[in-house]
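Q: please work out how this folds:
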Amino acid sequence: MKGNRTLEAPRLLGIIWPFVAVVVFQVLLGSLSLYSLSAMRAYVAGESLWSKAQKDAIYFLSLYAQNRDEQVFQRYHQAIAIPQGDRQLRVALDQPVPDIEAARTGILQGGNHPDDVNRIIWFYKNFRHISYMERAIDYWNTGDDYLRQLDGVAREMHAGFTQGSASEAEVAQWKARIVTINEGVTPAAKAFSNALGEGSRMLLRVLMVTNLLTALFLITLAWRRSARLLSQRQAFASALQIERERAQTTLESIGDAVITTDVDGCILYMNPAAEQLTHWQASQGQGLPLAALFSLLDESAEQDSRTLVEQVLSGSLKGGAEHARLIQRLDGSTVSVNLVGSPIHTDGQISGIVLALHDMTQERQYIANLSWQATHDALTGLANRREFEYRLEQALNALARQSGRHSLMFLDLDQFKLVNDTCGHAAGDELLRHICAVLQSGLREGDTLARLGGDEFGVLLENCRPEQAERIAEHLRQTVQSLHFVWKERPFVTTVSIGLVHLGQLAGTLEASLRAADMACYMAKEKGRNRVQVYHADDSELSLRFGEMAWIQRLHVALEENRFCLYAQEIVPLKSGEDAGHLEILLRLHDESGRTILPDSFIPAAERYGLMPALDRWVVRNVFQVIRQALDAGSDQPLAMCAINLSGISIGDDKFLECLQRLFDEFRIPPQMICFEITETSAIANLGSAIRFINELKGLGCKFSLDDFCAGMSSFAYLKHLPVDFLKIDGSFVKDMLDDPINRAMVEVINHIGHVMGKKTIAEFVETPQIEQALQEIGVDYAQGYLIERPQVFTCGCLQRQRIAARPPVQRAPGAFR
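A: Presented below is the predicted three-dimensional model:
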């Protein structure tokens, strides 16, 4: 009973509580020491910021006195704000009731890190009246008095420069005052820094002494308690012996086989699980050597010439690691086990060993099943995508080390969805099993056939010449086409589209190979299905589609991460009396590395794969947000109209029209501020939809511009049916009009017909004064181009209408051009 009490929690707690108390006290003391030192460090850092800021303020104010640059004066304000924030801290905390929030604001204004705010406030409140801190704060106040004088000089100087009334004598006087203030504040700053340094050193000495005294106390207590613990050691040893006996009893009921032997390896004990595993009774095995029960058969046992007992005694089979072994029993049967062994110590001497053997038969079978399921398709039994990509990567790695000939195929069943939709998934599953059988029969031994998902399959032909691979691909296509599949007396015709890639033609990456095969398969489907498309790196059509498909994922990610941005370019009137000009909104993309991508790079892919409505919605919403911000700012000046480009897909989409109407209501945008630009090609391709779209929005008050007019050489007759307000003359005519009489004639004709129909004309690509003057002579109403303005980021400031004034006539040099 007494032995049992030695391990009870209250008794143990009674032994260790002094150590716990000392450790807790030491932790608290250490935390307080670190917190105090950290707070002092924050003050020293703040002093450095204060000193640097006052020097910067004096420097920028002196520089402002010389060049009177307003930006320099703003730099001075930024510098002087730091010591002003520090002064706000002192004033807030020196009040009878400290204003903590004001102190926080002052600390952050002083440039201190947000994590240091609480420490600085705590240190100031608790150490404010310590002699070292009082002396430092007095120097701090002295320095701030000089800085207040400096700020007074700055205000006088700024008022004088702003009003234009400052004389050279006053400027000289201000410079002299700045020099005087600098001479006064420098000693104060140095004294402030010295006082803080002396205080920090004193604080460090106090904390070191306190911690040393605490450590001495801990050593003394440990010495006394250790003497008592030694006397209890024997009691604990007896208690452990009792626990060992209990463990022996427990062995009888556990599921793992447990065998104990003496030092010579003769069996002393076997639990019931060991009897079942070895097919020996404990009474029969008593005293026999361990080798009589079973022998090791695995490779690691053959490499290790030591007996099993010697391995255990050397520590090679300790717990905490997997020791899988294959053992053979006396009757010749084998079993896989996980083996753990440890020596048995008695009174500090090794008296034997204990072995624990866990039968791994069921686990091995379960792992094998899981491994097969992880690498194979459950329906067809073929390799799955994961296994296929692994084998393909191995083949590519082999190509990198040694030249070879491999080919990759992607197979996509044509119209497979028809089977599922008409006869159900059971029919589709049965068809897939038939397809797998005929495909497997058309391959060589060693080729890999995998189901990649749905009705898609992959084939890896290793060590296969290109011409042979193409014959195999054509044979597979014909085999699938000749398959007669009937489900419930309903026949189905089966065909397959195949994309074939000879891996030696590509940079040997897994991703590039899969994408090339996928693209080739896609092209096979697009060219009519039931065909084999061989990928060639120099195929321009494949390269174009490959590049476009690569853009699709990038555009989706860019929309999710909001990496698009808007630019604006002015469209200005070329003659006085015209209505004010407006802005064309341009779309740009910031790619993954931060570079700006022009729309010519990604718009074709977006148009081909149906992403333009999403981009158009993004553009309209973001333009409306900027306009709404400008309207809310309440500018006295009227705001410029914005021209937004729309794609042909959006024009024919009724849902997009509904979206526009909702956005007008949501942002409360005056429709008169919006002009939508549509290209001539998209308008003519969707003429009925375009006319309905234009009339619907013109009814709200919006305007419309027909972009790239005559770029496609369409008939002018279409123009009569499109109720647009502006015609944008295609830039290909404008930029060469001085050198090409035909281009100039085209500009004159388009401008004349536009005016006859009551439409304003806009010329693009106006890049030289000569082109601008020629357009003024022709009578074009508006101009747009790099001569007028380069595109800039679209902000509220871009909308100020006074920026977009009429262009004065260009003075022409005599005889410069016609």
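
Q: got the domain boundaries for the protein?
A: 9-225, 255-363, 375-537, 553-803 (automatic domain parsing).

Q: out of the ones you listed, which is closest to residue 234?
A: With Cβ to Cβ, the closest approach to residue 234 among the domains of the chain belongs to domain 255-363: 12.8 Å. (Glycine included, C-beta is placed from N, CA and C.)

Q: mind checking the pLDDT average for that closest one?
A: Domain 255-363 shows a mean pLDDT of 76.

Q: just the helices in the stretch 151-300 of the chain please.
A: Along the stretch 151-300 of the chain, the stretches classed as helices by DSSP state H, counting those that start in this stretch are 168-250, 272-278, 282-285, 299-303.

Q: need those helices in JSON lines (columns: mean neighbour count).
A: Output for these, formatted as JSON lines (neighbours: other Cβ atoms under 10 Å):
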{"stretch": "helix 168-250", "mean neighbour count": "14"}
{"stretch": "helix 272-278", "mean neighbour count": "19"}
{"stretch": "helix 282-285", "mean neighbour count": "14"}
{"stretch": "helix 299-303", "mean neighbour count": "11"}
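
Q: wait, which of those helices is closest to residue 772?
A: Going by Cβ to Cβ, the one of the helices of the stretch 151-300 of the chain nearest residue 772 is helix 168-250, 44.5 Å.

Q: wait, residue 330 sits on residue 292?
A: Yes. Between residue 330 and residue 292 there is a contact under Cβ atoms under 8 Å: 7.4 Å.

Q: those two: who's more crowded?
A: Legend: neighbour count by other Cβ atoms under 10 Å for residue 330 and residue 292, higher for residue 292 (16 against 12).

Q: which residues sit in contact with the more buried one?
A: Contact analysis of residue 292 by Cβ atoms under 8 Å, 6 or more residues apart in numbering lists 285, 330.

Q: would you mind measuring from it to residue 267?
A: Remark: distance between residue 292 and residue 267 (Cβ to Cβ, to the nearest Å) = 8 Å.

Q: quick check: longest strand of this protein.
A: Longest strand in the chain, counting residues (DSSP state E): strand 334-346.

Q: give me the number of residues near the closest residue to residue 158 other than its chain neighbours?
A: Counting by Cβ to Cβ, 6 or more residues apart in numbering, residue 158 lies nearest to residue 73, which is 5.9 Å off, once chain neighbours are set aside. Counted with other Cβ under 10 Å, the neighbours of residue 73 add up to 21.

Q: so residue 73 is in which element?
A: Under the criterion of DSSP states H and E, residue 73 resides in helix 70-93.

Q: report the inter-axis angle for that helix versus helix 168-250.
A: Interaxial angle of helix 70-93 relative to helix 168-250 (axes from the mean of the first three to the mean of the last three Cα atoms, to 10 degrees): 60 degrees.

Q: now for helix 70-93, which elements pack on it?
A: helix 9-67, helix 100-109, helix 117-127, helix 131-163 (3 or more Cβ pairs under 8 Å, 6 or more residues apart in numbering; DSSP states H and E).

Q: who's in contact with the nearest residue to residue 488 once chain neighbours are set aside?
A: Using Cβ to Cβ, 6+ apart and skipping residues adjacent in sequence, the residue nearest residue 488 is residue 423, 6.9 Å away. By Cβ under 8 Å, 6+ apart, the contact set of residue 423 is 487, 488, 490.

Q: roughly how far apart are the last one and residue 419?
A: Yep, that's residue 490 we're talking about. 10 Å.

Q: of these two, give the one with the bigger neighbour count.
A: Legend: neighbour count by other Cβ under 10 Å for residue 490 and residue 419, higher for residue 419 (23 against 11).

Q: which ones are touching the more buried one?
A: Contacts of residue 419 by Cβ under 8 Å, 6+ apart are 427, 428, 431, 487, 492.

Q: would you confirm that the third one contacts residue 494?
A: Yes. Taking Cβ under 8 Å as the contact criterion, residue 431 and residue 494 are neighbours in contact, 7.1 Å apart.

Q: any residues in contact with both of those two?
A: residue 485.

Q: out of the contacts of residue 423, name the ones that lie in strands.
A: Per DSSP E, the contacts of residue 423 map to strands at 487, 490.

Q: what kind of secondary structure is residue 485 in?
A: strand (DSSP: H, G, I helix; E, B strand; the rest coil).

Q: now it: closest residue in space that isn't a chain neighbour?
A: Per Cβ to Cβ, 6+ apart, closest to residue 485 is residue 492, 4.9 Å.

Q: gap between the one you found and residue 430?
A: Distance from residue 492 to residue 430, by Cβ to Cβ: 11 Å.

Q: next one: residue 77
A: Applying Cβ to Cβ to residue 77 and residue 430 gives a distance of 80 Å.

Q: also residue 528?
A: From residue 528 to residue 430 the distance is 27 Å (Cβ to Cβ).

Q: repeat for residue 175
A: In terms of Cβ to Cβ, residue 175 sits 96 Å off from residue 430.

Q: hang on, the earlier thing: distance to residue 627 added to the helices of the stretch 151-300 of the chain, as TSV?
A: Formatted as TSV, the helices of the stretch 151-300 of the chain follow (distance: least, Cβ to Cβ, whole Å):
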stretch	distance to residue 627
helix 168-250	45
helix 272-278	80
helix 282-285	91
helix 299-303	76
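
Q: nearest to residue 656, of those helices?
A: helix 168-250 (62.5 Å).

Q: report the angle between the axes of the closest one and strand 334-346?
A: Using the same axes, to 10 degrees, helix 168-250 lies at 90 degrees relative to strand 334-346.

Q: helix or strand right after the longest strand of the chain?
A: Going down the chain from strand 334-346, the next helix or strand is strand 349-359, by DSSP H and E.

Q: for that following strand, packing partners?
A: strand 257-262, helix 272-278, helix 308-313, strand 334-346.

Q: and it, what's buried?
A: 352, 353, 354, 355, 356, 357, 358, 359 (16 or more other Cβ atoms under 10 Å).

Q: neighbours around the nearest residue to the fifth one once chain neighbours are set aside, how many?
A: In space, residue 356 comes closest to residue 340 once its chain neighbours are excluded; the distance is 4.7 Å by Cβ to Cβ, 6+ apart. By other Cβ under 10 Å, the residues close to residue 340 number 20.

Q: also residue 431?
A: Counted with other Cβ under 10 Å, the neighbours of residue 431 add up to 21.

Q: could you give the mean pLDDT of stretch 155-165?
A: Mean predicted confidence for stretch 155-165 is 78.

Q: could you export that stretch as CSV, CA atoms only?
A: Taking Å, rounded to 0.1, in the frame of the first residue of the first chain, the C-alpha atoms of stretch 155-165 are listed here in CSV:
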residue,chain,number,x,y,z
ARG,A,155,4.4,78.6,-42.3
GLU,A,156,5.7,82.1,-42.8
MET,A,157,7.9,81.0,-45.7
HIS,A,158,5.2,79.0,-47.4
ALA,A,159,2.7,81.9,-47.1
GLY,A,160,5.3,84.3,-48.5
PHE,A,161,6.1,82.1,-51.5
THR,A,162,2.5,81.2,-52.2
GLN,A,163,1.4,84.9,-52.2
GLY,A,164,4.5,85.9,-54.1
SER,A,165,5.4,88.6,-51.6
